[in-house]
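Trainee: sequence plus predicted model, see below.
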Amino acid sequence: MRTVASRVRAKGILGRKVGMTQVFGEGGEVIPVTVVRAGPFVVVRLKTPEKDGYSAVQLGFEPVREGRLSKPEKGSFSRAGVPPVRVLREFRLSGELRPGQEIRVDAFSPGERVDVTGVSRGKGFAGGVRRWHFKRGPMAHGSKYHRGPGSLQSRDAARVFKGRKLPGHLGGVRVTVRGLQVVRVDPEHNLLLLKGAVPGPRGGLVAVQSSV
């Protein structure tokens, strides 16, 4: 199970992107929102500078059968005294936490600003026009240049320099959207409504943290 450390934040939770919809504000305006099913979470481990070299909180998400875990994973959960979970992520959070403590979605409140991190939707192989927004050439038959990558810069070097924008895989990268507003919090159903769009497909894993 891969873990990811982030900058020090006041709060942080994990969730699954449910999809997008719209709600009405107090003045009757339509607000586009992304629904995130978040939590509840359990604190699996606290990492300290003395033992691990840095401070972090390891959160667990989505219960899983013990038979699906390896022996080292079973030992890690048994030492912590927490039930096994499918997803583990590390956050650099401020505040007093302890192993076994449960964190729920009501840690956030409407009006707060959060940063949301997820893996963007993969779109396969794409050319320069779609991937890098290049301008295409004339589409007349005589131009013989329509959507090609264009010049590859140096002729004397006899090679293509690193960093050249060329056709290739589009999407499927880690993306963070900053400063999204929390519109509503539904602790009963563990739902978080965020104004605007968040990266990733429906069902994708996202990390919601207090904005910096």
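Mentor: Thanks, I have the structure now. Numbering: from 1, shown residues only.

Trainee: from here on, just use CA atoms for contacts and neighbour counts.
Mentor: Will do.

Trainee: quick one: the helices in this structure?
Mentor: Secondary structure of the chain by DSSP state H: the helices cover 49-52, 71-80, 128-132.

Trainee: which one of these lies closest to Glu90?
Mentor: Among the helices of the chain, the nearest to Glu90 by C-alpha to C-alpha is helix 49-52 (12.7 Å).

Trainee: please name the nearest non-neighbouring residue to the most centrally placed residue in the chain.
Mentor: For the chain, Gly118 is the residue whose C-alpha lies nearest the centre (C-alpha atoms, centre = their mean; 1.8 Å). The spatial neighbour of Gly118 that comes closest, neighbours along the chain excluded (C-alpha to C-alpha, 6 or more residues apart in numbering), is Val206 at 4.6 Å.

Trainee: count the neighbours of that neighbour for me.
Mentor: 23 (other C-alpha atoms under 10 Å).

Trainee: mind listing what it touches?
Mentor: Contact partners of Val206, counting by C-alpha atoms under 8 Å, 6 or more residues apart in numbering, are 14-17, 116-119, 199-200.

Trainee: can you check Phe134 too?
Mentor: Residues in contact with Phe134 (C-alpha under 8 Å, 6+ apart) are Gly128.

Trainee: pLDDT score for it?
Mentor: Phe134 carries a pLDDT value of 92.

Trainee: what's the answer for the one 3 residues further on, then?
Mentor: Note on Gly137: pLDDT of 90.

Trainee: that one: how many residues sit nearby?
Mentor: Neighbour tally, Gly137, other C-alpha under 10 Å: 13.

Trainee: residue contacts, it?
Mentor: Gly137 is in contact with 143, 145-147, counting by C-alpha under 8 Å, 6+ apart.

Trainee: how far away is it from Arg130?
Mentor: Distance from Gly137 to Arg130, counting by C-alpha to C-alpha, to the nearest Å: 14 Å.

Trainee: if you count neighbours, what's buried in stretch 110-126?
Mentor: Neighbour-count burial for stretch 110-126 flags 113-121 (criterion: 16 or more other C-alpha atoms under 10 Å).

Trainee: residues near Arg79, how many?
Mentor: For Arg79, using other C-alpha under 10 Å, the count is 10.

Trainee: before we move on, what about Gln209?
Mentor: Gln209: 25 neighbours (other C-alpha under 10 Å).

Trainee: give me the pLDDT value at it.
Mentor: Per-residue pLDDT puts Gln209 at 90.

Trainee: what does Gly95 give?
Mentor: In this model, Gly95 is scored at 69, pLDDT.

Trainee: now the strands: where do they sit in this protein?
Mentor: In the chain, the segments counted as strands under DSSP state E are 8-9, 12-24, 30-37, 41-47, 56-63, 85-93, 102-103, 113-119, 125-126, 168-169, 174-186, 191-195, 205-210.

Trainee: distance check, Lys162 against Gly127.
Mentor: Here Lys162 is placed at a distance of 18 Å from Gly127 (C-alpha to C-alpha).
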